[in-house]
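Visitor: Can you look at this prediction? I've put the sequence above it.
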Amino acid sequence: MTISVSEYEQRRTRLLSQCEPNSICIIAAHSLVTRSNDTEYVFRQNSDFWYLTGFNEPDAFLILSNSPRAKASSIIFVQPSDPHAEIWHGRRLGVSEAADKLGIDAALDVDDIDEHLTELIDGHVHLYFSFDAEPRVESIINMSLAECRNAPKQAKLAPSTTHDIQPLLHAMRLIKSEAEVKVMQQAADISAMAHVRAMLFSQAGKFEYQLEAEIHHEFAMQGARNPAYGTIVGSGENACILHYTENADELTEGDLVLIDAGCELTGYAADITRTFPVTGRFSDVQKELYQLVLDSQKAALKLLVPGNTISQAMQACVRVIVEGLLELGILNGSVEANIEQETWRKYFMHGLGHWLGLDVHDVGIYKINGNDRPLEIGMVMTVEPGLYIPKTANVVEKFKGIGIRIEDDIVITQEGNHVLTSKVPKEISEIESLMAN
């Protein structure tokens with residue numbers, strides 16, 4: 001499943017319709033990033049640029065205009081075809097193919113952008129670009145603005161007002177289209193298969209990095225070459241480190257292993273966490289804590305519906321956590337006092353979830369005018385309660401060294417929400433049955 005050219009065209013049109021009259025927008029692609037001498041990291045496109053173009057080459061620029069004087073409402077600057085460079089670094093779409101393939105009015109050589117950009121911005125009143133742009137992009141824009149301002153004898157008129165384009169773009173990106181949800185469902189399905197594979201592979205004596213390798217292999221075999229973020233495989237007390245990525249330790253019988261992993265497909269991320277016993281059977285203590293986390297997630301899911309807020313769901317989740325920790329003797333006192341004093345944060349120190357999309361921690365504001373943002377149809381987010389009880393915690397010994405997180409991806413729907421990641425088991429009986437087989 002891919003996003004159609006027509007959808008990218010609609011996005012660009014919609015963006016321009018939200019800009020002030022007589023505006024020009026400049027959106028830049030990423031550049032390659034050096035990994036070490038003469039080598040680069042695998043290229044990953046700027047998410048805003050990708051959202052508007054679907055073009056996955058570096059050092060490009062998209063120019064959009066809603067001025068009635070503009071010769072073209074959309075122009076893309078791309079790297080030119082170069083047989084010698086392409087032998088070394090891979091194929092390029094090239095100037096002659098770019099406009100037609102991308103549904104853009106015109107394409108030009110990015111090597112000539114300095115010559116053209118001053119002419120393109122001339123006469124526009126408003127300029128939109130990312131205020132977080134890379135230094136090289138800011139330099140190109142500022143040079144063109146300066147040239148335009150310093151050429152009154154040539155009757156040039158530089159934009160008088162600049163705007164950060166990110167709020168407009170990020171508000172658009174927050175609400176996913178049907179096509180985007182389909183891609184994210186595919187990414188979720190692939191990631192679910194990888195988690196299942198890791199469960200089936202797990203046994204004492206293997207290493208965390210071997211489970212990581214199984215997951216990444218499944219991603220690639222299903223067409224998702226790259227993880228969406230650094231895969232976490234934390235066994236035993238390593239699961240209490242929220243962003244543990246060493247993945248170096250040996251799996252031990254009797255321990256749990258927490259895996260937080262998701263693939264990236266066509267730019268879109270999945271993000272799943274599952275916690276399961278290394279050898280396939282939960283101990284009684286592990287069952288108690290695991291079921292508590294699962295029950296808290298279910299309480300949150302019931303409230304993640306249009307019109308409600310993430311905060312409301314978090315409150316429901318926390319109440320379940322507090323009640324459970326009191327019953328287990330990990331907390332003391334009343335439910336209300338523990339909620340008010342936030343004593344639970346010693347063991348559940350992060351939020352309920354985050355937006356998900358082209359970035360794993362996707363863009364979009366969580367509050368409007370200081371108030372929690374109501375959920376809307378088409379929003380995609382994670383739901384990931386957890387409990388982390390390190391060996392240094394002041395609790396009964398049997399609870400120490402246990403970390404549990406259960407994370408699913410959901411899309412807000414008219415009916416409530418749909419769990420995209422339901423193909424990987426999370427009930428205790430389902431996990432034990434799968435691993436027994």
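Guide: That came through fine.

Visitor: and the chain, what are its domains?
Guide: 5-173, 175-436 (automatic domain parsing).

Visitor: ranking these by burial, who's on top?
Guide: Ranked by mean neighbour count, those are led by domain 175-436 with a mean of 19 (mean count of other CB atoms under 10 Å). Just so you know, the C-beta spots here come from the backbone N, C-alpha and C atoms, and that holds for glycine as well.

Visitor: and the nearest residue to residue 28 once chain neighbours are set aside, what does it touch?
Guide: Closest residue to residue 28 apart from its sequence neighbours, by CB to CB, 6 or more residues apart in numbering: residue 137 at 4.3 Å. Neighbouring residues of residue 137 by CB atoms under 8 Å, 6 or more residues apart in numbering: 26, 28, 129-130.

Visitor: just to revisit the earlier point, want to throw the domains of the chain into a markdown table with mean pLDDT?
Guide: Formatted as a markdown table, those follow (pLDDT from 0 to 100):
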| stretch | mean pLDDT |
| --- | --- |
| domain 5-173 | 94 |
| domain 175-436 | 98 |
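
Visitor: can you list contacts of the strand or helix carrying residue 433?
Guide: Using DSSP states H and E, residue 433 sits within helix 428-436. When contacts are defined by CB under 8 Å, 6+ apart, helix 428-436 is touched by residues 196, 199-200, 202, 274, 276-277, 279-282, 287, 290-291, 294, 425.

Visitor: same deal with stretch 155-171?
Guide: Contacts of stretch 155-171 (CB under 8 Å, 6+ apart): 15, 18-20, 23-25, 27, 48, 51-52, 118, 121-132, 145, 147-149, 363-365.

Visitor: re the thing from before, can you tell me which two in the contacts of helix 428-436 are farthest apart?
Guide: Distances among those were taken as CB to CB; the most separated pair is 200 and 291, at 22.6 Å.

Visitor: now residue 16, nearest residue through space, not along the chain?
Guide: In space, residue 16 is closest to residue 66, 4.4 Å off (CB to CB, 6+ apart).

Visitor: Let me see the contact set for that neighbour.
Guide: 16-17, 19, 21-23, 73.

Visitor: wait, which of these is closest to residue 5?
Guide: Nearest member of those to residue 5, counting by CB to CB, is residue 73, at 15.4 Å.

Visitor: Would you check that the closest one makes contact with residue 105?
Guide: Yes: using CB atoms under 8 Å, residue 73 is in contact with residue 105, at 6.0 Å.

Visitor: in the stretch 301-437 of the chain, which spans are helices?
Guide: 310-328, 335-341, 428-436 (DSSP state H, counting those that start in this stretch).

Visitor: For residue 218, find the nearest of the ones you listed.
Guide: helix 428-436 (15.1 Å).

Visitor: where does that closest one sit relative to the chain's centre, distance-wise?
Guide: 29 Å (CA atoms, centre = their mean, to the nearest Å).

Visitor: now swap in stretch 82-93 and tell me
Guide: 30 Å.

Visitor: Same question for stretch 372-385.
Guide: For stretch 372-385, the distance to the chain centre is 13 Å (CA atoms, centre = their mean).

Visitor: Ok, stretch 145-155 next?
Guide: 41 Å.

Visitor: returning to what we had before: looking at the contacts of helix 428-436, which are in strands?
Guide: 274, 276-277 (DSSP state E).

Visitor: I'd like the residues you listed written out as a markdown table, with distance to residue 229 added.
Guide: Below are the ones in strands among the contacts of helix 428-436 laid out as a markdown table (distance: CB to CB, whole Å):
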| residue | distance to residue 229 |
| --- | --- |
| 274 | 16 |
| 276 | 20 |
| 277 | 25 |
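
Visitor: any idea how far residue 422 lies from residue 359?
Guide: 23 Å (CB to CB, to the nearest Å).

Visitor: my bad, should have said residue 23
Guide: Applying CB to CB to residue 23 and residue 359 gives a distance of 25 Å.

Visitor: With residue 90 instead?
Guide: Counting by CB to CB - residue 90 and residue 359 are separated by 24 Å.

Visitor: how far out from the middle of the chain is stretch 318-335?
Guide: 32 Å.
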